[in-house]
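Mind looking at a prediction? Sequence and model below.
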Amino acid sequence: MTNCALLITKQYERELENKIEAFLHSKQHTKTHSIQLVMVTTNGITENEQAKDVNQNIILDDLF
């Protein structure tokens, strides 16, 4: 656990994009599915160019 916000690097952004692409091409995906990138973090996300694709950020305080 950390007290810092999550920093999405260019490498991590590519990993997330690869996971989305893998799901898009999987048998579990149909055209009726909408893919949303939702991050659940303890202290939020650092705003930067790589964080632009995150649709929703849920922080620990939101859960309690």
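Perfect, thanks for sending it.

Quick check: residue 4 touching residue 42?
No. Using C-beta atoms under 8 Å, residue 4 makes no contact with residue 42, being 9.0 Å away. From N, CA and C alone the C-beta is placed, and that goes for glycine too.

so what's the backbone phi/psi at the residue lying closest to residue 7 once chain neighbours are set aside?
Closest residue to residue 7 apart from its sequence neighbours, by C-beta to C-beta, 6 or more residues apart in numbering: residue 46 at 4.6 Å. When quoted as degrees, to the nearest 10, the phi and psi of residue 46 stand at phi -70, psi 130.

longest helix of the chain?
Identified as the longest helix of the chain according to DSSP state H is helix 10-24.

Check the offset of the very next helix or strand once past that one from the chain's centre.
Once helix 10-24 ends, the next helix or strand along the chain (criterion: DSSP states H and E) is strand 38-41. Its chain's C-alpha centre and that of strand 38-41 lie 6 Å apart, by C-alpha atoms, centre = their mean, to the nearest Å.

which other helices and strands contact strand 38-41?
With contacts taken as 3 or more C-beta pairs under 8 Å, 6 or more residues apart in numbering; DSSP states H and E, strand 38-41 sits against strand 56-59.

circling back to that earlier point, neighbour count: residue 4 and residue 42, which is higher?
Set residue 4 next to residue 42 and count neighbours by other C-beta atoms under 10 Å: residue 42 wins out with 13 against 10.

So for the more buried one, what's the pLDDT?
Residue 42 carries a pLDDT score of 92 in this model.
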